[in-house]
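Trainee: 3D model of this:
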Amino acid sequence: MGIETGFAVFLWTQVGRWTAWKRQARALSWAWLIYFLTPFLVFLYPLAAEYDFGEVTGEPRQQMQVLVGFAIGAQALVSLAPKVISLLQGLIRASIATKTLFPGASAPGWLMVIAAPLYMIIFYIFVLLPYHFTGSGFVVVGMFLVIAAKGTLVRAGLGLTKPMPDDAARTATSKALRLRMTLLLGGAACIVGGLWGLVSKASALTMVNFALSIGSNILVLTLIATDALITALDRARGTTPEERRLADEAAAEVAAFTAAGTHDPA
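Mentor: You can find the predicted model right below:
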C-alpha cells in the first residue's frame, strides 16, 4: 500500500512539469518501474514460513502450511494480475495513441502485432485457474471473445504498420477500437457471469479495488509507453547526416530484398 501511495503522490508532483518532457518521461519511467516490480519482489519472500502454528506438528502442520500458502498465492494473483494484464494492454493503447499522433510512423503498428498475441496467452492463463473452480461454459465463451478482441488488434496492427495520412490513421484506429470494445465488453460480461459463484463471495471493496487497479495501471502505462515510443521514434529518425544516410540505405536494401522475392523464376 505504501508504494502505491508514494507513486500516486509522485504522479501528482509531475502534473505541472509537462513542459520539460524528456526529463519528466525519464522520471516517470523509473518511478513506474519501481512501482511495478516492488510487489513481485515482496511475494518472493516465503510468507507462509513465518506463520506460527503453535504446537501442531507432522502432517496436520504440513496441511496448514499448504492452506496458508494457497491463500497467499491467491492474494498474489489478485495483486499481481492487474499489473500483468495492464502491462500489455497499456502498450497496445500507447501504440494506438502514438499512431494517431504520428500517422507516418510504422513502429506503433508492429508493437500492436507483437503485444496482442502475448496478451492473449497471459489472459488465457489467468482465466484458466478460476474457470476450473466453476467449469462454466460462459467463462469459455467469454475467454474466446476477449481473445478474439485482441485478435482484431493483430489485423489492425498489420494495417497500421505502413505510413498513412492523418484521416486514414484516425479512421483505422477508431474502427479497430470499436470492434475490440464490443468483443471485450461481451467477453467480460460472460466471464463475470460464469464466475459469479466466486465473484459473489468476494467483498465489494475487493472487486472495486481490483477493477480500479487494472484501470489505473492501464492509464499510467499508456502514458509512460507513449513517451517511450515517441522517444524511440525520435532516436530512430537519425540526428546526423550519417545516421540519415544509413537509414536511407537500409530502406533501399529492404525494398530491393522484397522486390527480388516477387520475381517470377520463369
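
Trainee: which SSE is K162 in?
Mentor: According to DSSP states H and E, K162 maps onto no helix or strand at all.

Trainee: What separation is there between the residue nearest to it when sequence neighbours are not counted and I114?
Mentor: Spatial nearest neighbour of K162, chain neighbours left out: S106 (6.2 Å); criterion: C-beta to C-beta, 6 or more residues apart in numbering. Using the backbone N, CA and C atoms, a C-beta is placed for each residue, glycine as well. Distance of S106 to I114, given as C-beta to C-beta, to the nearest Å: 13 Å.

Trainee: rewinding a little: burial of the residue nearest to K162, as a residue count?
Mentor: 15 (other C-beta atoms under 10 Å).

Trainee: contacting residues around it?
Mentor: By C-beta atoms under 8 Å, 6 or more residues apart in numbering, the contact set of S106 is 160-163.

Trainee: any idea which of those residues is closest to G215?
Mentor: L160 (24.4 Å; C-beta to C-beta).

Trainee: Look up the closest residue to that closest one, ignoring the ones flanking it.
Mentor: G109 (3.3 Å).

Trainee: Okay, buried residues for stretch 160-179 please.
Mentor: 160-161, 164, 169, 172-173, 176-177, 179 (16 or more other C-beta atoms under 10 Å).

Trainee: Stretch 213-233 too?
Mentor: Quick answer for stretch 213-233 (16+ other C-beta under 10 Å): 213-214, 216-218, 220-230, 233.

Trainee: which among the contacts of S106 gets closest to S200?
Mentor: Minimum distance to S200 across the contacts of S106 is 40.7 Å, recorded for L160 (C-beta to C-beta).

Trainee: any idea how far that closest one is from L177?
Mentor: 12 Å.

Trainee: next one: Y124
Mentor: Distance of Y124 to L177, given as C-beta to C-beta: 22 Å.

Trainee: ditto for A76
Mentor: With the distance defined as C-beta to C-beta, A76 ends up 32 Å from L177.
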